[in-house]
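Novice: sequence unavailable; structure follows:
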Ligand code: SF4
């Protein structure tokens, strides 16, 4: 079920607050392509908007547009797919403050919920039942100075830290960040190559050579569907 890209009427702020509306880019059913839940049939709820501009961003279409939906309507669409796993993503979903209520309601409804977040916004109020997949932005993203390091204190063992790597320099930054912040003792750490920028085999060999306690991953949805929208 794809949310229409355009929203003809923008509700007034008071109306959005009263009805608890969220701006949704798309809701769709696919295979989870990354992180701990990789391979599970999953409903993706993509929220519109992001304050960052990573150089390698592959969801720029979610920066704008979308449709205002009440949380009850989002829950109803999600339920229609009958999937246990739900991934709330963006854009940067936490840029909309009602995302916190959406996450809690999805958990209340019995879903296994994950949250993909840039790591630039505070995660301290995210429902503890949610599995956070927290990015740390390496320098090649051009958004490294947006990392909110205080977020690391709010990681739980079921969460994950993901670092997307666009070069050998990024790899060395990531390797040093794992050591400096003992990331692997907090939760699972994922290293992922930027498609077309780093040879996956090179990244795998760097990890092995340095005996890093991190998990290499390729994005499954890029292999399956070449990153087609809504997949
Ligand atoms: S944080 Fe995510 S959505 Fe935002 S610009 Fe970076 S990659 Fe794109």
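Specialist: Received the coordinates, thanks. All values derive from a computational prediction rather than experimental measurement. Numbering: from 1, shown residues only.

Novice: my guess is residue 174 is in a strand, correct?
Specialist: No: with DSSP: H, G, I helix; E, B strand; the rest coil as the criterion, residue 174 is located in helix rather than a strand.

Novice: so what's the closest residue to it other than its chain neighbours up against?
Specialist: Distance criterion C-beta to C-beta, 6 or more residues apart in numbering; nearest residue to residue 174, sequence neighbours excluded, is residue 163 at 4.3 Å. (Each C-beta comes from the backbone N, C-alpha and C, glycine too.) Taking C-beta atoms under 8 Å, 6 or more residues apart in numbering as the criterion, residue 163 is in contact with 135, 136, 138, 170, 174, 177, 189, 190, 191, 192.

Novice: pLDDT score assigned to residue 163?
Specialist: Looking at residue 163, its pLDDT stands at 98.

Novice: what about it, which SS state?
Specialist: Following three-state DSSP, residue 163 is assigned to strand.

Novice: quickly find the element holding residue 134.
Specialist: If you go by DSSP states H and E, residue 134 is part of strand 131-136.

Novice: is residue 67 in contact with residue 26, as I believe?
Specialist: No: Residue 67 is beyond contact range of residue 26, at 9.1 Å (criterion: C-beta atoms under 8 Å).

Novice: ok, these two, which is more surrounded?
Specialist: residue 26 (23 against 19; other C-beta atoms under 10 Å).

Novice: stretch 206-220: how far from the chain's middle?
Specialist: 19 Å (C-alpha atoms, centre = their mean, to the nearest Å).

Novice: pLDDT on that stretch, on average?
Specialist: Averaged across stretch 206-220, the pLDDT comes to 95.

Novice: hmm, back to that, now the contacts of residue 163 as JSON lines including distance to the ligand and pLDDT?
Specialist: Shown next, in JSON lines, are these (distance: C-beta to the nearest ligand atom, whole Å; pLDDT from 0 to 100):
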{"residue": "135", "distance to the ligand": "7", "pLDDT": "98"}
{"residue": "136", "distance to the ligand": "11", "pLDDT": "98"}
{"residue": "138", "distance to the ligand": "12", "pLDDT": "98"}
{"residue": "170", "distance to the ligand": "14", "pLDDT": "98"}
{"residue": "174", "distance to the ligand": "16", "pLDDT": "98"}
{"residue": "177", "distance to the ligand": "17", "pLDDT": "98"}
{"residue": "189", "distance to the ligand": "18", "pLDDT": "98"}
{"residue": "190", "distance to the ligand": "15", "pLDDT": "98"}
{"residue": "191", "distance to the ligand": "16", "pLDDT": "98"}
{"residue": "192", "distance to the ligand": "12", "pLDDT": "97"}
